[in-house]
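Participant: Build me a model:
(chains A, B, C and D)
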Protein chains: 2
Amino acid sequence: MGAKRGPADPERRERIMAATERILLDGGIAGLSHRAVAREAGVPLGSTTYYFATLDDLLEAAIRRLSERYAHRLQRWGSQLGTLSRAELVEALADLVETQLRESRAELVLSFELASVAMRRPELREAALLYAETEREVLAVHTDERTARALSRILDGLLLQSLASATPPTRADITGPLEALLSP
Amino acid sequence: MGAKRGPADPERRERIMAATERILLDGGIAGLSHRAVAREAGVPLGSTTYYFATLDDLLEAAIRRLSERYAHRLQRWGSQLGTLSRAELVEALADLVETQLRESRAELVLSFELASVAMRRPELREAALLYAETEREVLAVHTDERTARALSRILDGLLLQSLASATPPTRADITGPLEALLSP
DNA sequence: GTTTTTTGTGTACGACCGTACATAGATCCG
DNA sequence: CGGATCTATGTACGGTCGTACACAAAAAAC
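Facilitator: Sure, this is the predicted structure:
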């Protein structure tokens, strides 16, 4: 019952998952295939099917990693904030939206794609919801639970329409709905 | 320059588009192929490629039809309403959300899938935005433009999370964000 | 050492696909 | 009538894919 067996190249698995993430981020689920991953990772086809027998295994592993990274980023953002007034929270959230759109576009697109795929494939639901859960948890630190849920909805709508439309949203597009919700 | 030429079976094109809609609605874009449409419509493969040479032609035609039908439904909903108080508008919108989730689930799922695909393929953007545009127009009849935009965002977020999550939203889940926005 | 287990690879099968294209039938124009 | 034009179909090429599987190499167990 040794802990390590076989040629034990622990990088192998890592490299394959990293390649999978890259493929998902820039081609979406449609671009995912064992062969594409093998090419991207520089390993033979047999390696990808050995570690991840089915496409869903590959997908699930990559999604889990991406979600965890996203969660950490959100939590870091949350912990850098002190206690905020409502007005300050609006500005902080608007900054968050703008930053995400600028710096994490690919991750956002993928998370929406995942959500839409999960609507047809319940087995992917858990993976898809990791994003939303983290979001709500972080928001709940700064408001009550109910407002956090509403905020999460607005943020999703904002991000969705921003990513789908041709022109980026103005600051007012973002702050408008947030203010409406956060001004009691 | 006669209006009709050839064997002129006008149902042919119709049948193919109708079959395409059915395939998109229950299998999503991933299930779309010339062959699948041919099978569904009961026509030979050559027919589908004759009327719609590329997959995108097929997709665009079907999406346009679906969007128009969706727009009509929304407009009918809008015109059945008289002038409403803010509180009445909240209830009417919540009813709309619940009805859509119950009766037009497949259309909603497809519209989100389209939106997420359009994020990677700008040529599909126009088709994907038809849904959102109509929504905003109808909403703008009952509130000012700015509120309509915010509402549209909230509705998208609500529908997205409702479709992606395992359990349907409670009435409070729906009315919460709407009230927050519509109570000045 | 020998056997057993795990790690890793190459190949091949059957399926599906988009699209091109040669061809056939129908209709219209003159 | 005879072309010209449009409608409609069958087939076939070249490609991608998931997955199974036989097999080799390395490590572990004995």
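
Participant: do the helix ranked longest in chain A and DNA strand D meet?
Facilitator: In chain A, taking DSSP state H as the definition, the longest helix is helix A:55-79. Yes. Against DNA strand D, helix A:55-79 shows contacts by Cβ under 7 Å from any atom of the strand at A:L55. Bear in mind the C-beta positions are built from the backbone N, C-alpha and C, glycine included.

Participant: cool, and stretch A:41-52?
Facilitator: Yes. Using Cβ under 7 Å from any atom of the strand, stretch A:41-52 comes into contact with DNA strand D via A:L45, A:G46, A:T49.

Participant: what's the longest helix of chain A in contact with?
Facilitator: Helix A:55-79 is contacted from outside by A:16-17, A:20-21, A:24-25, A:29, A:32-34, A:37, A:48, A:52, A:96, A:104, A:107, A:110-111, A:114, A:123-124, A:127-128, A:130-131, A:134-135, A:138, A:141-142, using Cβ atoms under 8 Å, 6 or more residues apart in numbering or on different chains.

Participant: Give me the next element, helix or strand, following it.
Facilitator: On the C-terminal side of helix A:55-79, the closest following helix or strand by DSSP states H and E is helix A:86-103.

Participant: now the helix or strand following that next one, how far from the centre of its chain.
Facilitator: Beyond helix A:86-103 in the direction of the C-terminus, DSSP H and E gives the next helix or strand as helix A:105-118. Offset of helix A:105-118 from its chain centre (Cα atoms, centre = their mean, to the nearest Å): 7 Å.

Participant: mean confidence score for helix A:105-118?
Facilitator: For helix A:105-118, the mean pLDDT works out to 95.

Participant: Repeat that for stretch A:143-150.
Facilitator: Computed over stretch A:143-150, the mean pLDDT rounds to 86.

Participant: again, but for stretch A:172-184
Facilitator: 87.

Participant: Check whether that stretch comes into contact with chain B.
Facilitator: Yes. Counting by Cβ under 8 Å from any Cβ of the partner chain, chain B has neighbours in stretch A:172-184: A:D173, A:G176, A:P177, A:A180, A:L181.

Participant: what about A:L108, distance to DNA strand D?
Facilitator: For A:L108, the distance to DNA strand D equals 24 Å [Cβ to the nearest atom of the strand, to the nearest Å].

Participant: That residue - how many residues pack around it?
Facilitator: Other residues near A:L108 come to 19 when the count uses other Cβ atoms under 10 Å in any protein chain shown.

Participant: Could you pull up the residues touching it?
Facilitator: Neighbours of A:L108 in contact, by Cβ under 8 Å, 6+ apart: A:Q100, A:L101, A:L159, A:L163.

Participant: right, and the first one touches A:L159 too?
Facilitator: Yes. A:Q100 sits in contact with A:L159 when judged by Cβ atoms under 8 Å, with a separation of 7.0 Å.

Participant: Of the two, give the one with the bigger neighbour count.
Facilitator: Neighbours were tallied for A:Q100 and for A:L159 using other Cβ under 10 Å; the higher tally belongs to A:L159 (24 against 20).

Participant: Which residue comes closest to that one once chain neighbours are left out?
Facilitator: Closest residue to A:L159 apart from its sequence neighbours, by Cβ to Cβ, 6 or more residues apart in numbering or on different chains: A:L108 at 5.9 Å.

Participant: and if you look at A:A128?
Facilitator: A:A128's closest residue in space is A:A118 (Cβ to Cβ, 6+ apart), at 3.8 Å.

Participant: The one you found is in contact with A:Y131, isn't it?
Facilitator: No. Look at A:A118 against A:Y131 with Cβ under 8 Å: they stay out of range, at 10.7 Å.

Participant: more crowded one of those two?
Facilitator: With neighbours defined as other Cβ under 10 Å, A:A118 and A:Y131 compare such that A:Y131 has more, 24 against 20.

Participant: Next one: the nearest residue to A:V97 once chain neighbours are set aside relative to DNA strand D, how far apart?
Facilitator: Nearest non-adjacent residue to A:V97, counting by Cβ to Cβ, 6+ apart: A:I174, 5.2 Å away. Using Cβ to the nearest atom of the strand, we find A:I174 at a distance of 38 Å from DNA strand D.

Participant: A:E145 too?
Facilitator: A:E145 sits at a distance of 40 Å from DNA strand D (criterion: Cβ to the nearest atom of the strand).

Participant: Many thanks, have a good one.
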